[in-house]
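# What follows is a protein structure lacking sequence information:
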C-alpha cells in the first residue's frame, strides 16, 4: 500500500499518540473512499444492468457491500452477471477495507511488543529465545 512506507521501522521509537491518530484518520479516509467508490459502482451497475431505480440500486449495493444480501431479484442475464461480480468484488473490498483500517492499530501493537522485548533484554544482549529441544541428554 502506498502509505506503509510511512510507518516506523523496528529500530525506531514508538510514534507519538498524535501521529498515531493522524494515521488512523488517514486510513479511515482511505476506507471511506473505498466505500464511496464501491457504492457508486454498485449503484450504477444495478441501475443500468439490473434495471432498478437509482434508490433501489443504492439499496442493493449497500446491502451487498455489508454482507446482508440482495434486496431485489435480478431478472436480466446482464443484471445477474453484474450481481455475481459485484458480490465477489464486495467480499474482497470488505477485506481490503478492514486491512486498511486496522493497519495502524496492528502496527502499533506489534511495534510496542517489539520495543518491550528489546528493552527487557537489555542493551548488550538479544531477546531470549525458547530452547529448541528440552529433552535431557542420554
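On my side now, so go ahead. The model shown is predicted, which means the values in this text are computed figures rather than measured ones.
# tell me the contacts of the nearest residue to residue 53 once chain neighbours are set aside?
Using C-beta to C-beta, 6 or more residues apart in numbering and skipping residues adjacent in sequence, the residue nearest residue 53 is residue 47, 7.2 Å away. To be clear about C-beta, it is placed using only N, CA and C from the backbone, and glycine gets the same treatment. By C-beta atoms under 8 Å, 6 or more residues apart in numbering, the residues touching residue 47 are 53, 54, 57.
# got it, and residue 8?
Residue 8 sits in contact with 14, 15, 111, where contact means C-beta under 8 Å, 6+ apart.
# so what's the second one up against?
Taking C-beta under 8 Å, 6+ apart as the definition of contact, the neighbours of residue 15 are 8, 23, 108.
# who touches stretch 58-67?
Residues outside stretch 58-67 that contact it (C-beta under 8 Å, 6+ apart): 35, 38-39, 41-43, 45-46, 50, 52, 69-72, 83, 86-87, 90, 93-94.
# Can you tell me which of these are buried?
Taking 16 or more other C-beta atoms under 10 Å as the criterion, what is buried in the contacts of stretch 58-67 is 35, 38-39, 41-43, 45-46, 50, 52, 70, 72, 83, 86, 90, 93-94.
# Lovely, talk soon.
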